[in-house]
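Q: Structure for this input, please:
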Amino acid sequence: MNQSMGIIARKLGMTQYHDDNGTVHRVTAVEAGPCVVVAKRTLAKDGYTALQLGFGEIPERLVNLPTRGQFNKAGLESRRVLKELRVTEEEAAKHEVGDELTAEAVFNVGDVVDVTGTSKGHGFSGVMKKYHFAGAVSTHGSHEYKRHGGAIGQNMTPGRVFKGAKMAGQHGNRRVTQPNLKVVRIIPEENVVLLSGAIPGGKNGFVVVRGARKRKGAPA
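A: Predicted coordinates:
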């Protein structure tokens with residue numbers, strides 16, 4: 001596959017897959033496409049090359065006017081997710097507005113991909129949950145300090161708290177990329193792709209699956 005090319009997908013959940021050799025693979029099933037090309041960005045007009053992809057059905061009444069205008073300009077029905085993927089000039093030249101991309105057309109079994117999505121949000125969490133701190137002792141007179149983080153600074157040099165100190169705060173709900181996952185199986189009639197391992201986010205969350213950027217070949 002072209003490493004710059006990708007597709008929008010919906011996470012279906014995790015399961016197991018037994019290959020022809022009887023090996024059990026722990027996989028995540030995603031509904032990859034079909035995606036429609038809504039717009040193209042060109043080097044001459046926009047300064048970069050990209051494809052704008054739409055995925056998933058949505059009632060027209062739930063689409064805001066600016067987004068609806070983008071789809072009307074392309075002569076397409078509105079889609080639930082709209083994302084722009086940077087691609088090479090050669091890859092952009094292969095596609096036109098209105099073209100449909102499927103998992104079978106983008107991926108092959110054995111490809112190594114990166115999956116980008118939003119991780120599960122856990123709200124405001126303490127240091128034991130967020131960073132796996134051990135906590136304070138629970139004996140010898142300790143009081144109301146069992147799950148605290150301990151000292152965070154110094155009273156003299158440097159006399160301040162270092163930036164990036166691990167403290168309680170928002171946990172999860174951020175953009176995460178899981179690299180180097182292998183495409184184990186493609187079920188084209190259902191637009192389902194089985195990926196080795198886990199991917200960010202919860203069930204029915206939307207992710208972007210594209211060719212691995214930092215490493216070639218199957219993961220170890």
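Q: what's around Ala103, how many residues?
A: Per other Cβ atoms under 10 Å, the neighbour tally for Ala103 reads 23. Where you see a C-beta, it was placed from the backbone N, CA and C, and this is true even at glycine.
Q: Can you give the contact residues for stretch 89-107?
A: Under the contact criterion Cβ atoms under 8 Å, 6 or more residues apart in numbering, stretch 89-107 has outside partners 1-2, 4-7, 9, 32-43, 49-51, 53, 74-76, 113, 183, 186, 188, 191-193, 209.
Q: for the chain, which spans come out with low pLDDT?
A: For the chain, applying pLDDT under 70 flags the ranges 1-3, 215-220.
Q: Go through it and flag its longest helix.
A: Across the chain, the helix with the greatest residue count (assigned by DSSP state H) is helix 65-74.
Q: Show me which positions of that one end up buried.
A: Under the neighbour-count criterion of 16 or more other Cβ atoms under 10 Å, helix 65-74 has Thr67, Gln70, Phe71, Ala74 buried.
Q: Is it correct that the first one is in contact with Arg80?
A: The reference is to Thr67. No. The criterion here is Cβ atoms under 8 Å, and Thr67 misses it with Arg80 at 10.4 Å.
Q: buried sites along stretch 182-201?
A: Neighbour counts over stretch 182-201 (16+ other Cβ under 10 Å) mark 182-184, 186, 191-197, 199-201 as buried.
Q: got the residues you listed as TSV, with distance to Gly159 and secondary structure columns?
A: As requested, the buried residues of stretch 182-201 are arranged in TSV below (distance: Cβ to Cβ, whole Å; DSSP: H, G, I helix; E, B strand; the rest coil):
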residue	distance to Gly159	secondary structure
Lys182	50	strand
Val183	53	strand
Val184	54	strand
Ile186	59	strand
Asn191	59	coil
Val192	57	strand
Val193	54	strand
Leu194	54	strand
Leu195	49	strand
Ser196	49	strand
Gly197	45	coil
Ile199	44	coil
Pro200	39	coil
Gly201	41	coil
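Q: Go ahead and confirm Val109 touches Ile187.
A: No. Under the criterion of Cβ under 8 Å, Val109 is not in contact with Ile187, lying 10.9 Å apart.
Q: Next up, the contacts around Lys166.
A: Val127, Lys130, Tyr131, Phe133, Gly149.
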